[in-house]
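# coordinates only, sequence not included:
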Ligand code: FPP
């Protein structure tokens with residue numbers, strides 16, 4: 001959910017106003033995703049690196065999180081949204097931890113859409129904590145394979161993401177869902193997060209629908225090629241100009 005700060009600056013307002021608008025966008029996008037039958041939505045709300053931001057911005061984000069939960073939790077719950085948290089809650093303040101754990105508990109009977117809020121999250125942290133948990137559970141090195149490690153990742157309850165959307169114009173992953181996104185389709189947009197809405201979500205989904213997912217195989221368009229033929233087919237260019245590699 002990148003671009004809150006720039007959205008505010010464009011309006012000559014403090015960055016916090018952008019984060020507040022970001023919460024409003026998030027609530028609408030969750031609704032739009034549920035309406036479209038999307039079962040899992042995972043958002044990057046606060047990374048393990050975001051603590052480096054000015055103290056005023058960090059404390060503003062923490063306060064905003066508490067306000068957002070008290071303002072929107074009842075509605076989200078009524079809409080069938082289950083909230084789950086991915087991230088290291090051991091090192092956040094007890095107030096934040098209790099609020100996030102409370103939201104999880106409060107919505108645990110819902111299943112229409114699972115909204116995972118990545119908070120104090122980093123993809124590398126997730127891989128390391130999974131290795132530690134596997135070791136603590138007594139998994140021997142020879143037994144450790146991909147499905148086994150996946151069981152210890154924080155989001156083991158969710159399927160791997162089909163579509164990874166980044167707003168705000170940057171073209172990088174910034175340590176989000178590194179393990180889980182191995183075969184995700186990527187959609188990068190200049191749209192700043194507070195402007196992201198149902199129509200923008202539809203654009204991302206439409207782009208996703210045009211992709212050919214091969215998961216390392218040759219896929220339907222590669223069938224019938226000779227073993228050495230069609231080397232250029234390893235790259236596909238989508239209508240939006242994005243290029244997907246064959247591996
Ligand atoms: C990145 O935009 C956004 C964040 C670091 C926070 C995203 C948070 C929300 C959408 C609100 C919900 C979450 C909480 C924790 C209340 P940026 O600030 O880096 O924007 P910029 O790149 O334009 O500066």
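In hand now; what should we look at? Only a predicted model underlies this, so the values are computations on that prediction, with no experimental measurement involved. Residues are numbered from 1 along each chain as shown.

# my read: residue 60 touches residue 16, true?
Yes - applying CB atoms under 8 Å, one finds residue 60 in contact with residue 16, separated by 4.5 Å. C-beta here means a position set from N, CA and C on the backbone, and glycine is covered the same way.

# Show me the helices in the chain, by range?
Here the chain has its helices, by DSSP state H, at 4-10, 15-35, 55-78, 94-106, 123-136, 146-150, 198-210.

# List the contacts of the fourth one.
Same thing as helix 94-106. 62, 65-66, 69, 73, 77, 83-85, 89, 117, 119 (CB atoms under 8 Å, 6 or more residues apart in numbering).

# Go through that helix and flag the buried ones.
96-97, 99-100, 103, 106 (16 or more other CB atoms under 10 Å).

# could these go into TSV alongside distance to residue 196?
TSV is the format used below for the buried residues of helix 94-106 (distance: CB to CB, whole Å):
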residue	distance to residue 196
96	25
97	28
99	25
100	23
103	22
106	26
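
# residue contacts, residue 134?
144, 148-149, 152.

# gap between it and residue 101?
24 Å (CB to CB, to the nearest Å).

# Residue 32 now?
Distance of residue 32 to residue 101, given as CB to CB: 27 Å.

# related to what we said a few turns ago, mind picking the two most distant members of the buried residues of helix 94-106?
The most widely separated members of the buried residues of helix 94-106, counting by CB to CB, are 96 and 106 (15.5 Å).

# next one: stretch 112-130 to chain centre, how far?
Chain-centre distance of stretch 112-130: 8 Å, with CA atoms, centre = their mean, to the nearest Å.
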